[in-house]
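Visitor: Okay, structure incoming, though there's no sequence with it:
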């Protein structure tokens, strides 16, 4: 029996029949190979196939386990969950922001203005829109050149355009070892191989990037990293800038959460000649009201604009006009300030209920390294039974089977009182044992 898929089918049948239960640990690959009379390389392919099918999950240093729950049919974190308390997705929509946004859009609904807004618009938008976007994205001494600003339908499209512009099919893109799941999906669709780069408490490790071998570009989240919630200090940004300069490497900086830390200059300020800054309105405003921004160095503007056009990723004119009005009227600045206050209030709740979690206090998400008696997949399943949706580390790991034993908490969506109650439930769950689930 040398076909690994036949062996995987047998294990899948055992799982389906209940002979292997959720949370059961599979034998180490060498022992499994001996038991089945197969080669070690075949055993590795069997385990890889089980992970690919969503039947098993690998955890670094712990082994391979039968999944505690079936994977979602859509890519991780792609759609809102159905749990009563959603700590899986970050979508901060404040109670009074819609009234503010609607008031700023009133002039746009005049017939003559609306008629103009319904016409097509290119990736470069309008001069007024570019100047407004440049003002919005300014951080400290770093201010984008309005002439280089490009617009996409949302941040994901901006990332897709940037990746497609610099990484040909079959080539390699360096990313943090735990990264935004949408980037994993985009890479798969674009035929790009992701190369995970080690991180530490300060973010991506420059020496690890230098040792990674040839890559065509780097994607990085230096401010309020998703999922870790950490912010790269200035010293590390300077070190990373020196390494990418030596490697002559383009950098795609994801600045989606930078509005929550307006005191931190972007990485683009340290490597302006090689960094494409990407942002959008999805977190500043809401996922349903968004436009994406691309800010490349001047020599790359035409290249990125061509990528936006060829991918069909340009923004609608109405979205660009709406964003411009929110910016120039100061409405967006009000919403941003309110969300920074909201994030701080939620940070206090998290610190009280679950002290010691990893993450910048300004962040809307936290990284929770679970007690050893719990495994991430089982903990997520147990939380779901209590009406709370979480994200396991495996959703963010670039390499299957290399996820740490951790979960991400996204704390922006539920009301603060609901968040506090949910964190109490999770704290109680973590203090117990997985064995307690038998009596649930």
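Guide: The structure has been received and is ready for your questions. All figures in this text were calculated on a predicted structure; none of them were measured in a lab. Numbering: from 1, shown residues only.

Visitor: Please report how far the closest residue to residue 149 other than its chain neighbours lies from residue 124.
Guide: The shortest distance from residue 149 to any non-neighbouring residue, by CB to CB, 6 or more residues apart in numbering, is to residue 130 (4.3 Å). Heads up, the C-betas are built off the backbone N, CA and C, glycines and all. Going from residue 130 to residue 124 by CB to CB, to the nearest Å gives 7 Å.

Visitor: can you check residue 300 too?
Guide: Distance from residue 300 to residue 124, by CB to CB: 14 Å.

Visitor: Also residue 152?
Guide: 11 Å.

Visitor: neighbour-wise, which of the two wins?
Guide: Ranked by neighbour count (other CB atoms under 10 Å), residue 152 and residue 124 place residue 152 first, with 29 against 18.

Visitor: For the more buried one, name its beta-bridge partners.
Guide: residue 292, residue 314 (DSSP bridges).

Visitor: Verify the contact between it and residue 313 for me.
Guide: Yes: judged on CB atoms under 8 Å, residue 152 makes contact with residue 313 at a distance of 4.7 Å.

Visitor: just to revisit the earlier point, any shared contact partners between residue 130 and residue 124?
Guide: residue 149 (CB atoms under 8 Å, 6 or more residues apart in numbering).

Visitor: Below-threshold pLDDT in this structure: ranges please.
Guide: Where the chain drops to pLDDT under 70, the residues are 1-2, 60-61, 68-83, 117, 436-440.

Visitor: Could you pull up phi and psi at the most centrally placed residue in the chain?
Guide: For the chain, residue 180 is the residue whose C-alpha lies nearest the centre (CA atoms, centre = their mean; 2.6 Å). When read as degrees, to the nearest 10, the backbone of residue 180 gives phi -60, psi 120.

Visitor: same deal with residue 289?
Guide: phi -130, psi 90.

Visitor: What is the neighbour count of the closest residue to it other than its chain neighbours?
Guide: Leaving aside its sequence neighbours, residue 289 sits nearest to residue 281 (CB to CB, 6+ apart; 6.5 Å). Counted with other CB under 10 Å, residues neighbouring residue 281 total 25.

Visitor: May I have the residues that are in contact with residue 281?
Guide: 289, 290, 291, 292, 323, 332 are the contacts of residue 281 under CB under 8 Å, 6+ apart.

Visitor: Can I get those residues in a markdown table including neighbour count?
Guide: Formatted as a markdown table, the contacts of residue 281 follow (neighbours: other CB atoms under 10 Å):
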| residue | neighbour count |
| --- | --- |
| 289 | 18 |
| 290 | 22 |
| 291 | 28 |
| 292 | 28 |
| 323 | 27 |
| 332 | 24 |
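
Visitor: List the buried residues in stretch 51-65.
Guide: Counting neighbours by 16 or more other CB atoms under 10 Å, one finds that the buried residues in stretch 51-65 are 51, 55, 56, 57, 58, 59, 63, 64, 65.

Visitor: what residues are up against the first one?
Guide: Going back to what we said before, that points to residue 51. 57, 58, 64, 400, 401.

Visitor: same check, this time on the last one
Guide: Residues touching residue 65, when contacts are defined by CB under 8 Å, 6+ apart, comprise 23, 24, 25, 26, 56, 57, 58, 59, 375, 377.

Visitor: quick check: longest helix of the protein.
Guide: The longest helix of the chain (DSSP state H) is helix 331-353.

Visitor: need the next SSE after that helix, C-terminal direction.
Guide: strand 365-369 (DSSP states H and E).

Visitor: Done for today, thanks.
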